[in-house]
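Undergrad: the amino acid sequence is not available; the structure is as follows:
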Ligand SMILES: C[S@@+](CC[C@H](N)C(=O)[O-])C[C@H]1O[C@@H](n2cnc3c(N)ncnc32)[C@H](O)[C@@H]1O
């Protein structure tokens, strides 16, 4: 059901609406945010995107239900440095950035330049551009450059939400590049739908991680999905 729903919303309906409107889904989300959300008010940006994506057009944001779990983990972690893999339109970026303690930074990586441009405008609309560094490119190329590029030592929290096939190789890359410390938290989205079985097998069986599943629902749909929180033990 989940696979079918994703195909329906992400391929068939999106292409149809793109064709009919002559725009793209990210542009339609941005236009809704600009029309309905208050400038500088992150919560109203989040509400506008949730409202658009639950009532008008589905989109692959982490969504409101899993978003609450994400919020709780950001608040309990109180990170100084956060990395997000997969920005899309900046929904989860705004969710995370609004909860960061003073002086903390969120680095978010998006390989699609069109999505990244929309995300930049969404983040600006939320008034959070000072907290966020948006990098455009592939995670596998950018991760090894992060220490030099941004003078980062280690990430306290990593939100993993790009293509599922990249979860495991990028996690190993973060380890190899020395970007994780004992206690760093990895939070991976969509571990059930569409699923990341090789990643789950790794974090649940490696002695280097202590891992826990948070059951929830796929964004804006009644289909089981969840987040996996994995603490790197060093
Ligand atoms: C599920 S969406 C991210 C949703 C976003 N985190 C949110 O909740 O609002 C996945 C995004 O990851 C991007 N992506 C996929 N593989 C990537 C990679 N290897 N490097 C950078 N971006 C990637 C895609 O272009 C897409 O925009």
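TA: Received it, and whenever you're ready, just let me know what you need. Computed from a predicted model, the values in this text were never measured in an experiment. Numbering: from 1, shown residues only.
Undergrad: can you pull the pLDDT of residue 130?
TA: As predicted, residue 130 sits at a pLDDT of 97.
Undergrad: swap that for residue 56, please
TA: Looking at residue 56, its pLDDT reads 95.
Undergrad: how near is it to the ligand?
TA: Counting by C-beta to the nearest ligand atom, to the nearest Å, the separation of residue 56 from the ligand is 16 Å. Any C-beta I mention is one placed from the backbone N, CA and C, and that applies to glycine too.
Undergrad: just checking, that residue touches residue 32?
TA: Yes: contact criterion C-beta atoms under 8 Å: residue 56 and residue 32 qualify, at 7.4 Å.
Undergrad: more neighbours, those two?
TA: Each of residue 56 and residue 32 has its neighbours counted (other C-beta atoms under 10 Å); residue 32 has more, 17 against 12.
Undergrad: how many residues are close by the closest residue to that one other than its chain neighbours?
TA: Nearest residue to residue 32, sequence neighbours excluded (C-beta to C-beta, 6 or more residues apart in numbering): residue 52, at 4.4 Å. A total of 23 residues lie near residue 52 under the criterion other C-beta under 10 Å.
Undergrad: for residue 52, helix, strand, or coil?
TA: helix (DSSP: H, G, I helix; E, B strand; the rest coil).
Undergrad: residue ranges of the helices in this protein, please?
TA: Using DSSP state H, the helices of the chain run over 2-7, 14-21, 25-36, 42-55, 63-77, 91-97, 113-125, 139-142, 146-150, 167-176, 197-205.
Undergrad: most neighbours per residue, which of those?
TA: Each of these was scored by mean neighbour count; the highest is helix 91-97, a mean of 27, by mean count of other C-beta atoms under 10 Å.
Undergrad: return the distance of it from the chain's centre.
TA: With C-alpha atoms, centre = their mean, to the nearest Å as the basis, helix 91-97 stands 8 Å off its chain's centre.
Undergrad: wait, does it contact the ligand?
TA: Yes: judged by C-beta under 6 Å from any ligand atom, helix 91-97 comes into contact with the ligand at 91, 92.
Undergrad: from the contact counts, what lies against that helix?
TA: Applying 3 or more C-beta pairs under 8 Å, 6 or more residues apart in numbering; DSSP states H and E, one finds that helix 91-97 makes contact with helix 42-55, helix 63-77, strand 81-85, strand 105-110, helix 113-125, strand 132-136.
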